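Sharing a model prediction with you, sequence too.
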Amino acid sequence: MRVVDPVSFILRKKGTDVWSVPSDATVYDAMKIMADKDVGALLIMDGSQFVGVVSERDYARKVILQGRSSKETPVREIATETLITITPECSVDEAMRLITTNRIRHLPVVHEGKVQGMISIGDLVQWISFAQDQTIEQLEHYIEGKYPC
């Protein structure tokens, strides 16, 4: 595992299941799915067309804090407006840079217009942490003279 690995490696490990709602679904329905699936964001899909992302953060900032009703508000009204996506070939390092630069927590992975999966900041942190652990272990083996010839 390395930070230059493509995010497709993460998807292979975690799976490509994506949870979604149509744009006319209520925020309440979206939050219920997030709770049931233990995820922090859902794709908004109208048929096979990817149209946005709705997250717990959107709910907190655009429903609760604005006094809106989650049972009456459609997700299209609170969805993240700028669609930031990556391809499966995007490196883990670049994906992390996009997440931190844009202050987001989830990145849909799209290839040729089709959603392949979604990665979160947690997925990236876990990958990077494991890659660093491996590097440290290799350096320790090198220092101790336990490296292969």
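Cool, got the structure.

State the three-state secondary structure for residue 63.
At residue 63 the chain is in helix, as set by DSSP: H, G, I helix; E, B strand; the rest coil.

Could you count how many residues lie near it?
The number of residues packed around residue 63, counting by other CB atoms under 10 Å, is 20. In this view, the C-beta of every residue, glycine as well, is placed from N, C-alpha and C.

my guess is residue 70 meets residue 63, correct?
Yes. Assessed by CB atoms under 8 Å, residue 70 is found in contact with residue 63 at 5.3 Å.

in the protein, which spans are helices?
With DSSP state H as the criterion, the chain has helices at 7-14, 27-37, 56-59, 92-102, 121-143.

need these in JSON lines with mean pLDDT, can you?
Shown next, in JSON lines, are the helices of the chain (pLDDT from 0 to 100):
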{"stretch": "helix 7-14", "mean pLDDT": "94"}
{"stretch": "helix 27-37", "mean pLDDT": "97"}
{"stretch": "helix 56-59", "mean pLDDT": "93"}
{"stretch": "helix 92-102", "mean pLDDT": "95"}
{"stretch": "helix 121-143", "mean pLDDT": "85"}
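
These: which one's closest to residue 115?
Each of the helices of the chain has some distance to residue 115 by CB to CB; the shortest is helix 7-14, at 11.0 Å.
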